[in-house]
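Enquirer: please find the sequence and the predicted model below.
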Amino acid sequence: MPFLRYAPLNTIIHRLHPFSKFVFLFSYIVILSVFYEPVTVTIALLSVVIIGVLAKFDSLKTIKTLASPLFMIFVLSIINSLWMYKPEMYVNLPKGFATTVLVQLTGEGTLILGRTAITIGGVIYAVALSLRALAGVLVFALFVHATSMSEILYGLDSIGVPRLGVFIFMATYRLFPLFLRDINTTIEAQTLRGWKLDSKNPLKQAGQYMAMTVPAFNELTVVSENLGLAAESRAFGAGRFSTYQDISIKPLDYLVIALLVGAAALSVFVYLVYHVGML
Amino acid sequence: MTAEVVRARIDSITYSSTDRPSISNIDLSVQKGDFLVVTGPPGAGKSTLLMTLNGIIPHYARAKLEGSVSVGGTDTKSAEIYELARTVGLVLEDPDQQLLAPTVEEEIAFGPINLGLEKEDIRERVRWALDVCRLEKYAQVDPSELSGGMRQALAVAAVLAMRPAIIALDEPTALLDPLGSSQLMSTVSKLNKDLGMTVVMATQNLESVAELANRLAVMNNGIIASIGDFGTTVSNTDLLEGLGINPPQVARLASAIGLRKIPYTLAEAMKSFPRPSHVGEFRRGGAYPSPSGEPAVVVKNLHHVYENGIEALKGVDLTVSKGEIHALIGQNGSGKTTLAKHLVGLLRPSNQDAVVNVMGIDVTSTKPVDLIRTVNYSFQNPDHQIFSPTVLDELSFGPRNVGFPDPDGTARTLLSRFGLEQLADSDPRSQDRYTKRLIGVLSVLALDPKVLVLDEPTNGLDAKSAASLMKLILEAGVTALLITHDMELVARYSQSVTVLRDGHVIKSGVSREVLADVEMLKSTWLEPPQVFRLMKSLGADEPVFTVEEACKMFQGGGA
């Protein structure tokens, strides 16, 4: 997996103080949480891609890797939008345009579901959610790409995060890559015993994936247990973390922090006051 | 005067998954500066005993400890694992169980960071551990991209960097190349002798520790069957061989030819063995099937560059004849597993003109799934292969996928052929290491491939189990490629060998000739079996690689 992997490079982003990188992560969480229409989300997404270029992070490759899950998110979002035919649900979009029905699925009085339809507003909403998911993953992947584990430990410790919090963050940071490593090996082994995804039918494909579900859960349990064991066996939690890297906060960090906090605050402000980012 | 650093009075340890105690009635005392080796067959309780030292048992593993274990005066029941980690560093058998950082350098620094050491101190320790474990050039590499042996070296390096008062190592050399193993041993020995670090090591490789350890405990069925000074205990070759543990080759040879005093190190043996009476008369017989000469595997000019830029293969050529058992040897990270993955199509060449041909099929343009009945691969770690709820399901999984008419029947036939019918309905994951390894190999053999690649097939197995597994492979009648560091295994079972170093083939040919090239082997961190070196020093003009062969030189009767 090219993403969710730390790359020990010496870029301007890598050289930032871990605190700045945490601010980057949390600022984008705020920004992406408030916006749910395509234009603002796209602006946020493009800004992440630009920061990625500075960090020598291959956003395009990550986007390609995520194509299938993104399509799934889009489909789920479309399902979620089937009830978005009411005009009062839209603030910025012209109500008539947003509620234009593209496909009527069920009528009023349909058992449990009621009326459902794919509307233009619903499609826009689904696009925004998919882009938001993509931007969120890119932000986290970029954070992982540019932040070493020791920086994370040191960074969290230096801002007073308790041990348990540090461990939870570290586990989140490492669990998925370690799980992917192990499950990839298991998939390789099963491929050599004839396991394959040879169907175009999504239902059949889901059935084929089922064979991997139990081992995947087993693997996830094993990986999470090992992670805790490996950390404790090497004195994780014994005292304050130190670092072996030259970490100091520089003027550039202050600038970056100011810009990011400013951007997050501005996003919340324009959202609340001017309803920017709403559909 | 010595001080007791470990006192274990264990009535029993019982895992929650079973009613039967895994170990019982242990009364063990370890003194400061001891180098205690714990040996025994798989399932004897060695790992369980080691896990009590840093509190994994009872704090982490689902196991009930009756009794007490005191380490450096601290009762492990009342201390947290992270507190005990300051005193005891534990290297587990499976490196993947303990590696958690995104780069090699960070992995090593993780412990010292947690100890809150000064920056310069951490850097010095990281440099030192990288050097000792030959990982300098991989400092910025993701540990998951390292070979199994290198990951094991990294797990050791990560614990060494913490410089604990007691270091407990569970089969630390199982995946290491012979010279890497001896380098690690000499480091551990140096820490033991110069810094007074206490060492407790579980291993079946008694040869590697013979010159270093001062005490030996032999475990079987959860109890300590024998404990004492290393020399006396290892000389009891009957006990060890009865448990399937190989004493050092020189001790086995001395016992076989009836020497009164059993030497257990090469240096000692060179002084005490007489000159063999039948030097020059020995000729080795062919115990294995003769290859046909027709090529089963042809590789030409194969290059492989990983995404991180590491060039693992640099123009490799390889030819393996049909029916042959061919060994692939070389130092950790020399490219053996990368080459093996190319043979089954899991990796693709980085160059256009590479040839990878197995049984006439161009592997470079064939999907792995379409090759599985032609060439298949048994993984180094069987846990990665095993994933079905029962052994029968595990073995029938492949045949079912490729459309065998009666997959369960195929699986049952295979089980009965190897006398394992009783395992059919049991859970493969809960089996011992040997059985898991066996299941891993059988699940691939169930597909009846023509060529089988086995990655460290006997790793972690005792001598008896390793011999049974090799018998199974011989009986299967496949063309086999063995990836191994076990030189005795190579000498005993393979007709031909290819030696890799840094992604290049440096020698290929008949096993006995290749293994006799000591200087070449040394250049890739390998060395011939101990008995070869002994017999050479005693004037044997024919290379000898196994104890049986050497016996014939002393007793006559060359084949």
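Expert: Thanks, I have the structure now.
Enquirer: ok, the single nearest residue of the stretch 51-200 of chain A relative to chain B - contacts?
Expert: Going by C-beta to the nearest C-beta, chain B is nearest to A:Gly194 of the stretch 51-200 of chain A, at 2.8 Å. Where C-beta positions appear, they are placed from N, C-alpha and C, glycine not excepted. Neighbouring residues of A:Gly194 by C-beta atoms under 8 Å, 6 or more residues apart in numbering or on different chains: B:369, B:372, B:397-398, B:400-402, B:447.
Enquirer: recalculate using a threshold of 6 Å.
Expert: Contact analysis of A:Gly194 by C-beta atoms under 6 Å, 6 or more residues apart in numbering or on different chains lists B:372, B:398, B:401-402.
Enquirer: just the pLDDT for it.
Expert: Model confidence at A:Gly194, given as pLDDT, is 83.
Enquirer: tell me which helix or strand it sits in.
Expert: Using DSSP states H and E, A:Gly194 maps to neither a helix nor a strand.
Enquirer: out of everything not next to it in sequence, what's closest to it?
Expert: Distances taken as C-beta to C-beta, 6 or more residues apart in numbering or on different chains place B:Asn401 nearest to A:Gly194, at 2.8 Å, with adjacent residues excluded.
Enquirer: returning to that earlier point: looking at the contacts of A:Gly194, spot the one nearest chain A.
Expert: B:Asn401 (2.8 Å).
Enquirer: kindly provide the distance from the closest one to B:Arg373.
Expert: Distance, B:Asn401 to B:Arg373, by C-beta to C-beta, to the nearest Å: 11 Å.
Enquirer: of these two, who's got more company?
Expert: With neighbours defined as other C-beta atoms under 10 Å in any protein chain shown, B:Asn401 and B:Arg373 compare such that B:Asn401 has more, 19 against 14.
Enquirer: just the strands from chain A, written as ranges.
Expert: A:101-106, A:116-119 (DSSP state E).
Enquirer: adding distance to chain B and mean neighbour count, write the ones you listed out as a markdown table.
Expert: A markdown table is the format used below for the strands of chain A (distance: least, C-beta to the nearest C-beta, whole Å; neighbours: other C-beta atoms under 10 Å in any protein chain shown):
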| stretch | distance to chain B | mean neighbour count |
| --- | --- | --- |
| strand A:101-106 | 38 | 12 |
| strand A:116-119 | 38 | 20 |
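Enquirer: mind putting the ones you listed into JSON lines with mean pLDDT?
Expert: Listed next are these as JSON lines, based on pLDDT from 0 to 100:
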{"stretch": "strand A:101-106", "mean pLDDT": "90"}
{"stretch": "strand A:116-119", "mean pLDDT": "92"}
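Enquirer: count of residues packed around A:Phe169?
Expert: Count around A:Phe169 with other C-beta under 10 Å applied: 16.
Enquirer: give me the neighbour count for the closest residue to it other than its chain neighbours.
Expert: Distance criterion C-beta to C-beta, 6+ apart; nearest residue to A:Phe169, sequence neighbours excluded, is A:Leu156 at 6.0 Å. Neighbour count of A:Leu156, defined by other C-beta under 10 Å: 22.
Enquirer: report pLDDT for A:Leu156.
Expert: You'll see A:Leu156 listed with a pLDDT of 85.
Enquirer: isn't it right up against A:Val166?
Expert: Yes: between A:Leu156 and A:Val166 there is a contact under C-beta atoms under 6 Å: 4.7 Å.
Enquirer: give the contact list for B:Pro95.
Expert: Neighbouring residues of B:Pro95 by C-beta under 6 Å, 6+ apart: B:151-152, B:155.
Enquirer: out of the residues you listed, list just those in helices.
Expert: Among the contacts of B:Pro95, the ones falling in helices (DSSP state H) are B:151-152, B:155.
Enquirer: could I get the residues you listed as TSV with distance to B:Lys552 and pLDDT?
Expert: As requested, the ones in helices among the contacts of B:Pro95 are exported to TSV (distance: C-beta to C-beta, whole Å; pLDDT from 0 to 100):
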residue	distance to B:Lys552	pLDDT
B:Arg151	40	85
B:Gln152	36	83
B:Ala155	41	91
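Enquirer: the stretch 401-550 of chain B against chain A: which residues are in contact?
Expert: Contacts of the stretch 401-550 of chain B with chain A, taken as C-beta under 6 Å from any C-beta of the partner chain, map to B:401-402.
Enquirer: thinking again about what came up before, got a winner among the ones in helices among the contacts of B:Pro95 for most neighbours?
Expert: Counting by other C-beta under 10 Å, top hit in these: B:Gln152 with 30 neighbours.
Enquirer: least trustworthy helix or strand in the chain by mean pLDDT?
Expert: Just so you know, I chose chain A. Across the helices and strands of chain A, mean confidence by mean pLDDT, DSSP states H and E is lowest for helix A:202-233: a mean of 75.
Enquirer: meant chain B actually
Expert: Lowest mean among helices/strands of chain B [mean pLDDT, DSSP H and E]: helix B:178-194, a mean of 80.
Enquirer: contacts for that helix?
Expert: Residues contacting helix B:178-194 (C-beta under 6 Å, 6+ apart): B:35, B:132, B:173, B:197, B:199, B:208, B:212, B:332, B:525-527.
Enquirer: nearest to A:Gly114 among the contacts of B:Pro95?
Expert: Using C-beta to C-beta, B:Arg151 comes nearest to A:Gly114 of the contacts of B:Pro95, at 56.6 Å.
Enquirer: contacting residues around that closest one?
Expert: Neighbour list for B:Arg151: B:95, B:143 [criterion: C-beta under 6 Å, 6+ apart].
Enquirer: gap between it and B:Pro41?
Expert: For B:Arg151, the distance to B:Pro41 - C-beta to C-beta - is 25 Å.
Enquirer: so A:Gly277 sits against A:Phe35, correct?
Expert: Yes: counting by C-beta under 6 Å, A:Gly277 touches A:Phe35, with 3.6 Å between them.
Enquirer: which among the contacts of helix B:178-194 end up buried?
Expert: Applying 16 or more other C-beta atoms under 10 Å in any protein chain shown to the contacts of helix B:178-194, the neighbour count classes B:35, B:132, B:173, B:197, B:199, B:208, B:212, B:332, B:525-527 as buried.
Enquirer: turn the residues you listed into a markdown table, including distance to A:Gly121, pLDDT and secondary structure.
Expert: Below are those laid out as a markdown table (distance: C-beta to C-beta, whole Å; pLDDT from 0 to 100; DSSP: H, G, I helix; E, B strand; the rest coil):
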| residue | distance to A:Gly121 | pLDDT | secondary structure |
| --- | --- | --- | --- |
| B:Phe35 | 74 | 96 | strand |
| B:Val132 | 64 | 82 | helix |
| B:Thr173 | 65 | 82 | coil |
| B:Met197 | 69 | 91 | coil |
| B:Val199 | 70 | 95 | strand |
| B:Ser208 | 71 | 87 | helix |
| B:Leu212 | 75 | 91 | coil |
| B:Asn332 | 59 | 82 | coil |
| B:Trp525 | 67 | 80 | coil |
| B:Leu526 | 69 | 83 | coil |
| B:Glu527 | 74 | 83 | coil |
